[in-house]
Every structure is written in C-alpha cells, then in structure tokens.
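Trainee: Here is my input; please provide its structure:
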Amino acid sequence: MLDVVRLRVLAAVAKHGSVTAAARELHYSQPSVSHHLARLEAETGAKLIQRAGRGIRLTETGRLLAERATEIVGRIDSASAELSAHVGLRAGRARLAAFPSALGTFVPEAAALLAREYPGLELRLTETEPPEALRMLRAGYVDVAVIFRYDDTAPEDDGIQLVHLLDDPSYLVTSGRTGDLFSHRDSRWIGGCDRCRSHLLDLCARAGFEPEIAFTTDDIVAVQALVAAGIGVTALPALALQAHRHPKVNAIELPGSTRHVYAATYGEPPAPPATTALLTALVAAIRP
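Mentor: This next block holds a predicted model:
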C-alpha cells in the first residue's frame, strides 16, 4: 500500500520542481524529503526522480504517480476539512465580543438561534466597546467582534472583514422639552464611550456649539437615570433605548446621526465553520 505522507511529498516536489521548495512547504528538512522519495521508489519499484544538473526532474512514471498523488491528497484534505467542519460545529466553540446595547438586544437572540442549530457548540461572550473588541479580534482572543462605527470614524485596519448588520439612528434624550441640539446648547451633557463622545462633539459642532460634558458613563441605565433626574441631556442610539428605556425620559430622533453596526472577523475568507455559523445567527437575529 502506498504511504500517503510520501505521496504528499511527491505531489509537493511535482508542484514546485524542487526538493528545497517542497521541504519549505511541508515544513520538512531536505534530507527528510529525499528520504521519503527514496522510500516511495522502493515501495513502487519504479524510478520516479532523475537528477538534472543541480536539480531534479520527474520521470514519466514519476509524473503519472504525482498526478494521482495530487488527486489523492486533495481528496484527503477535502474530507478532513468537511469532517472538521461537522465535528467542530458539534463540539467546538465560538467567541464573541460585543458592545453593551448589542448584548442587550439582538445578541441573545443570535445565541439562542446558534444553540438550537448547534447544541454542542459552546458560545463565549465578552462585553466591550469597539476599539477593545477589535484589539481582541486581532489578538485571536475572539472570533467575531460586533462593533459600530459612524461615517466619520477612521477606517478599520487591513485584515478586518466587516458584515453589515444594521443602521442604528441616534436620539436626543431629555427629561423635559425635546427640541433640537442647538436648543440644548446651554444644557449640561452626559457623554458615553470615546467613540460616542467624539461623535457627539462632532454633532454639536455641526449644530454650532460646543457642549459642556459634565458626566461620562457608558452605562445606558445610569445615563437615562441621570437624564430622568434632570442632571443633564444626552444622545443615545436606538439599540440603547431598545435595551433599556426609562419611563421618565423623552427621545427625538436626530437627523443625520446614524451609527452602522457590523460583525467583524479577522483574516482572509473563508472563516472557520463555527465563525460562519455565528455570523449567520447574528444576521438572522436582526432580520424580521
């Protein structure tokens, strides 16, 4: 019986035309590649390799066997990938980082969908804002990061792949009169995370004033409690109001202030099966 490892070596030599290049691809030493080729010739009883100057070339028999070896190795690799996908979704894991209002709205539904479809797949959740979520993604601590960005947010780094989930409008949140941004130019403001705070400053600058940010918190319950108590006003996205709505606050949509929510992955596609399953669940969770 032919040895699959030696067939893989022959296929690599045929592909690159060099023992050195084949060794590099397979992470073998050159003597190891030469040994496998010699053992394959002994097993088959055929001359597979000829010396050609300082290099080598395949004999006619060697080319024939290399073609079949490529087919065999390809089928084995495909079968291995299919099996890994099947077993991985039955017993693997998926790790997700998401900002608070996503975790308070559509992420639980996505988790429930994933659990129903793949009951053996373990889902791990981390709450964090987009910049940290992206750092965790690049470092390999999570597989998917649910993030948001505004039109004026700097582009993400190379290697970040984005799947658009939804557009999330912003609202002016007050305890009394609503009005527009400019009508609250003398109010005290409550700021959120760095990305939200920057967007608020930009919104107010476009409205013609600089807000007095008296308090800062990214806790949507605390923010609305402060607003309800008359301590200040704020701007919140729809997801935050959907996750928690204080009965004593008023909200009016701010035109031209929409954040875009994405599921981010890192690296070239295709994503691993568990990651793809998680992305599919996230998309399904926000579609009516």
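Trainee: so residue 31 is in which element?
Mentor: helix 30-44 (DSSP states H and E).
Trainee: And the average pLDDT for that helix is what?
Mentor: Averaging pLDDT along helix 30-44 gives 90.
Trainee: Just after it, pick out the following helix or strand.
Mentor: Next element after helix 30-44 (DSSP H and E): strand 49-52.
Trainee: Which elements pack onto that next one?
Mentor: strand 55-58 (3 or more C-beta pairs under 8 Å, 6 or more residues apart in numbering; DSSP states H and E). In short, each C-beta sits where N, CA and C put it, glycine included.
Trainee: Show me how far the strand it packs on is from its chain's centre.
Mentor: Relative to the chain's own centre, strand 55-58 is displaced by 44 Å; criterion: C-alpha atoms, centre = their mean, to the nearest Å.
Trainee: cool, and stretch 55-70?
Mentor: Distance, stretch centre to chain centre, for stretch 55-70: 41 Å (C-alpha atoms, centre = their mean).
Trainee: start the count at 5, not 1, going forward
Mentor: I'll keep to 5 as the first residue from here, and by that count the last item is stretch 59-74.
Trainee: Which residues outside it are in contact with it?
Mentor: 11-12, 14-15, 17-19, 21-23, 48, 50-54 (C-beta atoms under 8 Å, 6 or more residues apart in numbering).
Trainee: switch to 6 Å and redo it
Mentor: For stretch 59-74, the surrounding residues in contact (C-beta atoms under 6 Å, 6 or more residues apart in numbering) are 11, 14, 15, 18, 50, 51, 52, 53, 54.
Trainee: for stretch 233-240, same thing?
Mentor: Stretch 233-240 has contacts (C-beta under 6 Å, 6+ apart) with 174-179, 188, 191-194, 204, 218, 227, 230-231.
Trainee: Which PyMOL command selects the buried ones in the residues you listed?
Mentor: Provided next is the PyMOL selection string for whichever of the contacts of stretch 233-240 are buried by 16 or more other C-beta atoms under 10 Å:
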select buried, resi 174+175+176+177+178+179+188+191+192+193+194+204+227+230+231
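Trainee: rewinding a little: out of the contacts of stretch 59-74, which are buried?
Mentor: For the contacts of stretch 59-74, buried by 16+ other C-beta under 10 Å: 11, 14, 15, 18, 52, 53.
Trainee: the inter-axis angle of the helix or strand hosting the first one versus helix 34-48?
Mentor: Spelled out, that is residue 11. Per DSSP H and E: residue 11 is located in helix 8-20. Inter-element angle recorded for helix 8-20 and helix 34-48: 110 degrees (by axes from the mean of the first three to the mean of the last three C-alpha atoms, to 10 degrees).
Trainee: Going by residue numbers, what spans are helices in this structure?
Mentor: 8-20, 23-30, 34-48, 64-95, 104-107, 110-121, 134-143, 198-211, 224-232, 242-247, 277-290 (DSSP state H).
Trainee: coming back round to it: which of the buried ones among the contacts of stretch 59-74 lies at the shortest distance from residue 140?
Mentor: Within the buried ones among the contacts of stretch 59-74, the smallest distance to residue 140 is 38.3 Å, found for residue 15 (C-beta to C-beta).
Trainee: For the closest one, list the residues it contacts.
Mentor: 70, 73, 74, 77.
Trainee: For the third one, give me the pLDDT.
Mentor: Residue 74 carries a pLDDT value of 89.
Trainee: burial measure for it, as a count.
Mentor: 17 (other C-beta atoms under 10 Å).
Trainee: Just the C-alphas of the helix holding residue 35, formatted as PDB.
Mentor: The C-alpha trace of helix 34-48 is given here as PDB (Å, rounded to 0.1, in the frame of the first residue of the first chain):
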ATOM      1  CA  GLN A  34      15.600  18.500   2.700                       C
ATOM      2  CA  PRO A  35      17.100  15.100   3.800                       C
ATOM      3  CA  SER A  36      13.600  14.100   5.000                       C
ATOM      4  CA  VAL A  37      12.100  14.900   1.700                       C
ATOM      5  CA  SER A  38      14.800  12.900  -0.100                       C
ATOM      6  CA  HIS A  39      14.300  10.000   2.200                       C
ATOM      7  CA  HIS A  40      10.500   9.900   1.600                       C
ATOM      8  CA  LEU A  41      11.100  10.000  -2.200                       C
ATOM      9  CA  ALA A  42      13.700   7.100  -1.900                       C
ATOM     10  CA  ARG A  43      11.300   5.100   0.200                       C
ATOM     11  CA  LEU A  44       8.500   5.700  -2.300                       C
ATOM     12  CA  GLU A  45      10.700   4.400  -5.200                       C
ATOM     13  CA  ALA A  46      11.400   1.300  -3.100                       C
ATOM     14  CA  GLU A  47       7.700   0.800  -2.400                       C
ATOM     15  CA  THR A  48       6.700   1.100  -6.000                       C
END
